[in-house]
Structures are given as C-alpha cells and as structure tokens.
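Engineer: Starting from these lines, generate the structure:
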Amino acid sequence: MDKIDVYSHGNLTPRQQDLLRFVIKEFINSAKPVASATIHRKAHLHVSPATIRAELSHLEDRGFLSQLHTSGARVPTDKAYRHFVNSLNLQQSPEPAVNDKRAIRTALADAGQNPRQINKAVADTLSKLTANLVITGTEEQNDFFKFGLSNLMNLPEFREFDRMFQLTNFFEEFDRMFDLLERQLFGPAFAKASAGNANFKIIQVSIGRENPVSGIKEDSVIATRYPLPNGYIGSLTLIGPTRMDYEKNIALIKFTKEELNKRIPNI
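Structural biologist: Take a look at the predicted model:
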C-alpha cells in the first residue's frame, strides 16, 4: 500500500475542512486570491456570507490562510497545503484520466526493459501530464533526465526573474544537490536497496519551507522511488508551485509506480 509521509496540524470542523478544501482547489485552478463572495457563489456550503467571513478569519488566525491584499481575498499557506495533502487517501484517490493512463502505458512499453530509457520515459511523460518539472535518475549512477522547466516558466509564480533564477540554478545543479535532497526527504529508513521493496511504497511530499534546499523554499516537491530492471532503483523528483494539483500529481505518480511494478520481474 502506498502512503504519503505526513505531519499533523490539528483538527478542523467539517465545515472548515470543506471551506479550506474549496479555497485550495479554487486557488490551484485560478492562481488568484479567493474572495468570500466567490466562496458563497460557488462552494455551495449553505451558510450566510457573514458565516463564511467568520470562518475565513478563523482559518487565517490558525495560519491556514493569508491575505495578500486589502480586498480580503485569501490564499492558502504552506500549512493549508500540508493539511490538504495529509487528508488525501491514496486508496480512494481518483484514477488518472484514461488518456493519461494510456500515455504512461505507451511510454513504458516503448522503453522496454532498459533502465535508462524507462527513466527518460517517466520524466518526459509525467512532466507533460503534470505541467511541472520532473527529474528522474538511477540511484546507482549519476545519470539524470530533466524535463519540464519550460512548463514552470509559463506559470504566474515564476514570472519574476529572481524566482525563476533560483529554480533554474537548482535545476542546473541538481546532480550535485541530489544526495542532500535524498537524505533530507527520505532519511536513513531509505538506505538503498538493502532496506527492501517497502521503500517503493512511500510518496514523499515536501511543501514550501519544508524543503531542505534553499532554491525551492517557495515550491513543492513530490519524491519517490521505483523498481527498475536488473536490480536498479529509480528516483523521481517532481517540482512545482505550492499550488500544484497534488491530487492529480500523486495519482499519476502512483499509477506509474504500479505499472512499473507489473513490468519489472521479481518485484
């Protein structure tokens, strides 16, 4: 069973959970701060505008939302995204779209049993399906495939020069930073192949300031490992804005890992 590495931030009422989930999903889709009027019109919470404003204030006081403008519209914080990711149930997560499944299966079939070609196919295909940056490699070799930096350049978060410069610098020096990122994200429990196939079950999500590398403190990282032919271990790192579509991205990664498990002998 796959699982997400999580942290706890306390309980919210069901209505606060629904409200926070709506704000997160609306911001993921629009990249614009979410106003209480938008929530009242679209969220179907069946409460008054005054109640919505009061609940938003409560969520802001608890650190789940912040205001970027005097208009009162709010955006999710890193804490909100962490709470959202923690609430995801991989066993009940939505399946990837049929076309996305087909693209993954076709790419893996074309790659055959060549570990390097599999890594290339995974990085290329997932970068296109997620519209994020995807880096794959083989732990036993200093050999990486990196696809999707141009995807991020089109997002509003990365239109500022300093932000894109930081990410580009990280992208170019990823080979050097890989060991640090691996140690920080996975820790000693993931000590290479000797730890067993249970290593392949965890999908690690690191959000904003949780990231160990300074160049991606404003981004989110989804990382995992997967089996490759000939006993090799593949490593996947997906990088995108904190407002990335976690549900979709995790579902795509999970499906890719499942397909690889079917294709790799003796797993």
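Engineer: What are the buried residues along stretch 66-80?
Structural biologist: Buried positions in stretch 66-80, judged by neighbour count with 16 or more other Cβ atoms under 10 Å: Ala73, Arg74, Val75, Pro76, Thr77, Asp78, Lys79, Ala80. Backbone N, C-alpha and C define where each C-beta goes, glycine included.
Engineer: for the last one, phi and psi?
Structural biologist: This points to Ala80. For Ala80, the backbone dihedrals (degrees, to the nearest 10) come out as phi -70, psi -40.
Engineer: Surely it touches Leu20?
Structural biologist: Yes - the criterion here is Cβ atoms under 8 Å, and Ala80 meets it with Leu20 at 6.0 Å.
Engineer: any residues in contact with both of the two?
Structural biologist: The overlap between the contact sets of Ala80 and Leu20 (Cβ atoms under 8 Å, 6 or more residues apart in numbering) consists of Leu59, Phe64, Leu65.
Engineer: ok, how many other residues are close to the last one?
Structural biologist: Per other Cβ atoms under 10 Å, the neighbour tally for Leu65 reads 26.
Engineer: Not counting its neighbours along the chain, what's nearest it?
Structural biologist: The shortest distance from Leu65 to any non-neighbouring residue, by Cβ to Cβ, 6 or more residues apart in numbering, is to Arg74 (4.2 Å).
Engineer: give me the beta-bridge partners of the one you found?
Structural biologist: The residues paired with Arg74 through beta bridges, assigned by DSSP bridges, are Val34, Gln67.
Engineer: And it, how close does it get to Glu157?
Structural biologist: Distance of Arg74 to Glu157, computed by Cβ to Cβ, to the nearest Å: 17 Å.
Engineer: Near Lys257, how many other residues are there?
Structural biologist: Should you count by other Cβ under 10 Å, Lys257 turns out to have 20 residues around it.
Engineer: correction: Phe165
Structural biologist: For Phe165, the neighbour count with other Cβ under 10 Å is 12.
Engineer: Looks to me like it is in a strand.
Structural biologist: No - per DSSP: H, G, I helix; E, B strand; the rest coil, Phe165 lies outside any strand segment and is helix.
Engineer: how close does it get to Gly148?
Structural biologist: From Phe165 to Gly148 the distance is 17 Å (Cβ to Cβ).
Engineer: next one: Leu12
Structural biologist: Here the distance between Leu12 and Gly148 works out to 33 Å (Cβ to Cβ).
Engineer: more crowded one of these two?
Structural biologist: Between Leu12 and Gly148, counting by other Cβ under 10 Å, Gly148 is the more crowded of the two (23 against 19).
Engineer: For the closest residue to Asn230 other than its chain neighbours, give me the pLDDT.
Structural biologist: In space, Asn230 comes closest to Pro115 once its chain neighbours are excluded; the distance is 6.4 Å by Cβ to Cβ, 6+ apart. We have a pLDDT of 95 for Pro115.
Engineer: Ser235 contacts Gln141, correct?
Structural biologist: No - Ser235 sits out of contact with Gln141 when judged by Cβ under 8 Å, with a separation of 10.6 Å.
Engineer: what sits against the spatially most central residue of the chain?
Structural biologist: Nearest to the mean C-alpha position of the chain, counting by Cα atoms, centre = their mean, stands Ile222 at 4.2 Å. Taking Cβ under 8 Å, 6+ apart as the definition of contact, the neighbours of Ile222 are Ile203, Gln204, Val205, Ser206, Leu236, Thr237, Leu238, Tyr246, Asn249, Ile250, Ile253.
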